[in-house]
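[1] With the sequence up front, the predicted model follows.
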Amino acid sequence: MSTRPAWSRIVLKLSGEALAEPSGFGLDSSVLSQVAEEVREAREELGTDIAIVVGGGNFWRGLKGAGQGMDQAQADYMGMLATVMNGLALQDALERAGQHSRVMSAIEMPKIAEPYIRRRAERHLEKGRVVILAGGTGNPFFTTDTAAALRAAEIDAQVILKGTHSGVDGVYTADPKIDKTATRYDRISHMDVITKGLKVMDSTAITFCMDKNLPIVVFDLLARGNVKSILRGEQIGTLVG
């Protein structure tokens, strides 16, 4: 290994939209390949244990269904299934890149994924496998942001890396795509994220991370080399903590 990583175990949080085609839906094979290659390189060169929590917004969002009059719990379960689809696609990309991986789902579907069991997930990580955690928390009304925070605490991860897309490379004072005067924070506390109403993760996830003293790095997922640079301790994006 070329250098000692800043964190030895991480949770990488990916939105479904980050994996989508330019239309915002489906899956972009080039993005999947890029993410898989970056994860493989980080594991291989730095030895960091990597678990990935993936969203499902490129296929379905529970809030969208609830907004159309659907029962919210039902809509959220559909969203959980969408995260499993993304998890399987990501696993395929990782395996093609030469990185062994396992998909573990909070909703049991033994034909295609292992059930999420904390100790088993930790064992996979110890063996050098990337663990893809799908199905959210397995409960409606909770987002995959909250799932990432919960799983990070369970497996003793030291940080959550939250990959963004659409060219946003951190946490800003306002939406930089709307307000051209918005400036990026290099570092901000969990409490300031909450009080300023900044859209980093949902409030449940941010509060949980604050209680657990769990830092979050918000960065541009699609800028090549960012994952390794963060793990080497370089200032990339915004550190929340």
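    Received it, and whenever you're ready, just let me know what you need.
[2] ranges for the helices of the chain?
    29-46, 62-67, 72-96, 118-126, 144-154, 190-195, 203-211, 226-231 (DSSP state H).
[3] Identify the residues contacting A97.
    S33, A36, E37, V39, R40 (C-beta atoms under 8 Å, 6 or more residues apart in numbering). C-beta here means a position set from N, CA and C on the backbone, and glycine is covered the same way.
[4] Quick one, which of those residues are buried?
    Among the contacts of A97, the ones that count as buried by 16 or more other C-beta atoms under 10 Å are A36, E37, V39, R40.
[5] from the residues you listed, which two are the most distant?
    E37 and V39 (7.4 Å; C-beta to C-beta).
[6] Does K212 touch A153 like I think?
    Yes: look at K212 against A153 with C-beta atoms under 8 Å: they come within range, at 5.1 Å.
[7] more crowded one of these two?
    A153 (16 against 13; other C-beta atoms under 10 Å).
[8] For the more buried one, give me its contacts.
    F208, K212, L214.
[9] quick one: it from P215, how far?
    12 Å (C-beta to C-beta, to the nearest Å).
[10] what do the two both touch?
    By C-beta under 8 Å, 6+ apart, no residue touches both A153 and P215.
[11] who touches the least confident helix or strand in the chain by mean pLDDT?
    None of the helices or strands of the chain scores lower by mean pLDDT, DSSP states H and E than helix 62-67, at a mean of 72. Applying C-beta under 8 Å, 6+ apart, the set of residues contacting helix 62-67 from outside is Q72, Q74, A75, D76, Y77, M78, G79, P140.
[12] so how far is P22 from the last one?
    Translated: P140. The value you get for P140 to P22, if C-beta to C-beta is used, is 30 Å.
[13] and if you look at the first one?
    The spacing between Q72 and P22, counted by C-beta to C-beta, is 30 Å.
[14] cool, the fifth one as well?
    When distance is defined by C-beta to C-beta, Y77 is 28 Å away from P22.
[15] How about the fourth one?
    When C-beta to C-beta is the yardstick, D76 and P22 sit 27 Å from each other.
[16] Same question for the second one.
    As defined by C-beta to C-beta, Q74 lies at a distance of 30 Å from P22.
[17] Buried only: go through the contacts of helix 62-67 for me.
    Looks like the contacts of helix 62-67 have A75, D76, Y77, M78, G79, P140 buried, using 16+ other C-beta under 10 Å.
[18] mind putting these in CSV, distance to R119 and pLDDT included?
    Shown next, in CSV, are those (distance: C-beta to C-beta, whole Å; pLDDT from 0 to 100):
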residue, distance to R119, pLDDT
A75, 32, 92
D76, 27, 93
Y77, 26, 95
M78, 29, 94
G79, 27, 94
P140, 26, 95
